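J.: Task: produce atomic coordinates for the following.
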Amino acid sequence: MSKSTTNNHAAHQSDHEEEVLDVLDLPQIYTKPSSQQLLDTLALLSLEPQSWDKSTAQPKPKVSSNGVPQYLTRIVSSPLDWIKDDVEKEKIWDIASLRLSERSGRTGMGDITRSFRIPLSADTTNSSSTMKPVITSSNDQDITVQVSIHEPALTEDNLGLKTWASSFVFARNWHTLRDRIPLVFGKDENATILELGAGTGLVGIAAAAVLGANVLLTDLPEIVPNLERNIASNKEMIESRKGSARAAILDWTVPEKIIYPDETHGSTRSLAAEEQSSKYPLIVAADPIYSKEHPAWLVQTIDCHLAQSPDARVLIQIPIREAYAEERADLKDRMVKIGLELFHEQTETGYDDWSDGRGDELSEVECWLGMWKWKDA
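T.: Sure, this is the predicted structure:
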């Protein structure tokens with residue numbers, strides 16, 4: 001980030017700096033606050049989902065996390081007998097319980113919807129390689145697009161239902177990456193991007209919008225329904241950018257089989273033989289490795305679907321997690337063995353919200369992007 005940009009950013013932050021409230025500043029149960037006072041306070045204590053993208057909207061007052069769980073527990077356990085409306089009391093207890101669950105971390109937050117602002121040009125990103133949230137103004141509509149992403153309640157069995165840091169870093173970079181994907185951008189209007197392990201769909205939806213490209217977003221059967229929902233939510237925006245997006249089921253253990261959900265009957269159908277034989281000039285994946293088996297499965301799927309062309313590309317964004325160093329090395333070795341070579345790589349800092357629920361700062365995640373092409377094509 002340039003010095004002038006940094007100064008403007010700091011000035012903008014100082015304009016909105018507010019005194020942090022203490023839990024003792026909130027209406028206390030022993031004072032018998034009204035139902036409206038309690039509801040307003042509970043709204044103030046909501047932990048809104050992070051989008052990693054700040055807007056210029058006036059922020060709500062911040063409350064110190066110290067003592068908040070105890071404060072909420074007192075509300076939940078109180079009979080609220082001075083409030084005569086039973087419906088109001090139930091509402092207060094329900095919302096206070098929700099505020100408590102939010103403080104159990106991301107897994108306790110239930111369903112959330114995030115909004116991500118994605119640049120269409122370099123004018124809306126920092127010159128620095130650190131991808132911190134960027135402040136944008138209301139007249140940025142011509143140089144950014146806003147992607148709405150729904151995330152169902154998260155479980156350890158379905159980590160694909162969360163938007164991870166590497167996906168946002170990847171999505172924010174499409175406007176600079178397009179020069180390295182010749183078949184998709186500027187040469188073949190009918191070319192389709194294949195996304196593997198699309199998760200919530202941020203990367204693929206952003207690609208469809210920024211590149212004006214056709215994108216097939218794939219994942220496991222339990223992930224695809226939410227993927228379809230997010231594509232539908234952003235359909236108008238994607239089509240306004242001359243792009244298209246579609247979801248399908250693709251299990252890496254059976255890489256040759258792509259299955260489209262049937263929109264009319266709730267069933268599924270396999271791609272026709274002629275469709276399955278087609279290859280993709282660009283395959284992308286973000287954060288695709290979190291088990292020892294994934295490198296082998298991912299690479300065999302890439303080998304099955306990547307076009308045999310000098311212009312074919314594979315883009316893989318991976319968070320640099322110490323626990324998966326062997327898997328990253330295995331992935332690179334396997335890519336070389338199928339005839340691909342790494343021709344470009346870069347690292348950037350992303351931000352994740354896999355927090356303890358106390359409303360703390362986002363955690364930094366170093367993200368590596370590798371670009372591959374056929375060595376002898």
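J.: for the stretch 51-200 of the chain, which spans come out with low pLDDT?
T.: 51-61, 101-102, 104-110, 122-142, 154-160, 183-189 (pLDDT under 70).
J.: Wait, R178 touches A207, no?
T.: No - the pair R178 and A207 does not pass the contact test of Cβ atoms under 8 Å, sitting 9.0 Å apart. Where you see a C-beta, it was placed from the backbone N, CA and C, and this is true even at glycine.
J.: So for these two, which residue has more residues nearby?
T.: A207 (31 against 17; other Cβ atoms under 10 Å).
J.: so where does the more buried one fall, helix or strand?
T.: Taking DSSP states H and E as the criterion, A207 maps to helix 202-211.
J.: who's in contact with that helix?
T.: Here helix 202-211 makes contact (Cβ atoms under 8 Å, 6 or more residues apart in numbering) with 116, 118-120, 145, 147, 149, 163, 167-168, 170-172, 174-175, 178, 181, 184-185, 193, 195, 198, 213-217, 230-231, 234, 237-238, 241, 243-245, 284, 286, 317.
J.: before we move on, the earlier item: between R178 and A207, which contacts overlap?
T.: Joint contacts of R178 and A207 (Cβ under 8 Å, 6+ apart) do not exist.
J.: rewinding a little: could you give me the average pLDDT of the helix holding A207?
T.: For helix 202-211, mean pLDDT is 96.
J.: quick one, strands of this structure?
T.: Shown for the chain, the strands assigned by DSSP state E span residues 112-119, 144-151, 192-196, 214-219, 244-250, 258-261, 268-270, 282-286, 313-319, 340-352, 363-374.
J.: Just the terminal-to-terminal distance for stretch 280-298.
T.: Using Cα to Cα, to the nearest Å, the end-to-end distance of stretch 280-298 comes to 15 Å.
J.: show me the contacts for the closest residue to P221 other than its chain neighbours.
T.: Nearest residue to P221 in three dimensions, chain neighbours excluded: I249, at 5.2 Å (Cβ to Cβ, 6 or more residues apart in numbering). Listed by Cβ under 8 Å, 6+ apart, the contact set of I249 reads 218-221, 224, 258-261, 268.
J.: what about K84, how many neighbours?
T.: So K84, with other Cβ under 10 Å, has 9 neighbours.
J.: S363 and D352 touch, don't they?
T.: Yes - counting by Cβ under 8 Å, S363 touches D352, with 5.3 Å between them.
J.: which of these two has more neighbours?
T.: It is D352, of S363 and D352, that has more neighbours when counted by other Cβ under 10 Å, with 20 against 12.
J.: how close does the closest residue to that one other than its chain neighbours sit to D287?
T.: Leaving aside its chain neighbours, D352 sits nearest to A165 (4.0 Å; criterion: Cβ to Cβ, 6+ apart). Using Cβ to Cβ, to the nearest Å, A165 is found at 8 Å from D287.
J.: Then P152?
T.: 18 Å.
J.: Can you give me the domain boundaries for the protein?
T.: Per automatic domain parsing, the domain ranges recorded for the chain read 3-103, 114-374.
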